[in-house]
Structures are given as structure tokens and as C-alpha cells.
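Engineer: Please work out how this folds:
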Amino acid sequence: MTQKFNVEFATKYSIAEAVILRYFFIERTKQSSGACYTYANSKKIQEQFPFFSIQQIQKAIRGLKREGFLVENKVSWLSGIQGFSITKAGANELKSTLQSK
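Structural biologist: All right, here's what the predicted structure looks like:
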């Protein structure tokens, strides 16, 4: 399996953040309200990226939230799965770095 990430974004933040933000961007689902979100937990993400530990994934998500690229949505506590939305800033950052290629 081949994974892609943006080198400029990874240099500015981290490889894990670049890979995981791209994952959320690709996996997002659009609601009728227009909001885009992704349901995932660290274990599900690690299945896609086995070269990252659970701790690395959690740290990357915290970093993306801190930078304002991801926001966590309220999801049923029974599901054990978190919902995340890419913010406009996150989408714009990702799009601008992809377009610079």
C-alpha cells in the first residue's frame, strides 16, 4: 500500500499530522447540513497507517485540533468512535499545499 502526504505541510507540522489530515480530508462524509465530518478512533486510523502507534495518532490529532485544522464533534458515547470535522482553515491549508504541486 502506498501512502501520500504533503511534504511542505509535514515540514511545517509533522509527517503524522500531514498523513492524518489527508486521511480525514479523503474520508470525510458530507451531511445534508453541508458540514463534512469523519468518524474514526485511533485504532481505526492505525489500521490504515500501521506505521504509526496509537500514541502518535493521538498526538497528531491533538496537534491538528490545536492548530485549528480539526474540530471534534459530539458523538454518541456508546459508539466509542469520535467524529471530527476538518475546519475551513484545515481544508484551505491542505488544498493550497496540494495545488502548489
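Engineer: Next one, pLDDT for Val71 please.
Structural biologist: What the model reports as pLDDT for Val71 is 83.
Engineer: I meant Phe52, not that one.
Structural biologist: 94.
Engineer: Name the SS class of the residue most central in space within the chain, please.
Structural biologist: Geometric centre of the chain, nearest residue: Leu21, 3.1 Å, by Cα atoms, centre = their mean. Assigned with DSSP: H, G, I helix; E, B strand; the rest coil, Leu21 falls in the helix class.
Engineer: how about the helices in this protein?
Structural biologist: 7-12, 15-27, 42-48, 54-66, 88-99 (DSSP state H).
Engineer: mean pLDDT for those: which is lowest?
Structural biologist: helix 88-99 (a mean of 71).
Engineer: So which of the helices of the chain is the most surrounded?
Structural biologist: helix 15-27 (a mean of 21; mean count of other Cβ atoms under 10 Å). (Glycine included, C-beta is placed from N, CA and C.)
Engineer: ok, Ser53 - contacts?
Structural biologist: Gln46 (Cβ atoms under 8 Å, 6 or more residues apart in numbering).
Engineer: ok, now how distant is it from Glu17?
Structural biologist: 14 Å (Cβ to Cβ, to the nearest Å).
Engineer: And stretch 4-19, end to end?
Structural biologist: 7 Å (Cα to Cα, to the nearest Å).
Engineer: Could you list the residues in contact with that stretch?
Structural biologist: By Cβ under 8 Å, 6+ apart, stretch 4-19 touches 3, 21-22, 49, 52, 56-57, 59-60, 63-64, 67, 69, 93-94, 97-98, 100.
Engineer: For my notes, please list the helices of the chain in CSV and give distance to Gln82 for each entry.
Structural biologist: Formatted as CSV, those follow (distance: least, Cβ to Cβ, whole Å):
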stretch, distance to Gln82
helix 7-12, 22
helix 15-27, 11
helix 42-48, 9
helix 54-66, 8
helix 88-99, 16
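Engineer: what sits against the residue nearest to Ile20 when sequence neighbours are not counted?
Structural biologist: Spatial nearest neighbour of Ile20, chain neighbours left out: Ala60 (4.8 Å); criterion: Cβ to Cβ, 6 or more residues apart in numbering. Neighbour list for Ala60: Ser14, Ala16, Glu17, Val19, Ile20, Phe52 [criterion: Cβ under 8 Å, 6+ apart].
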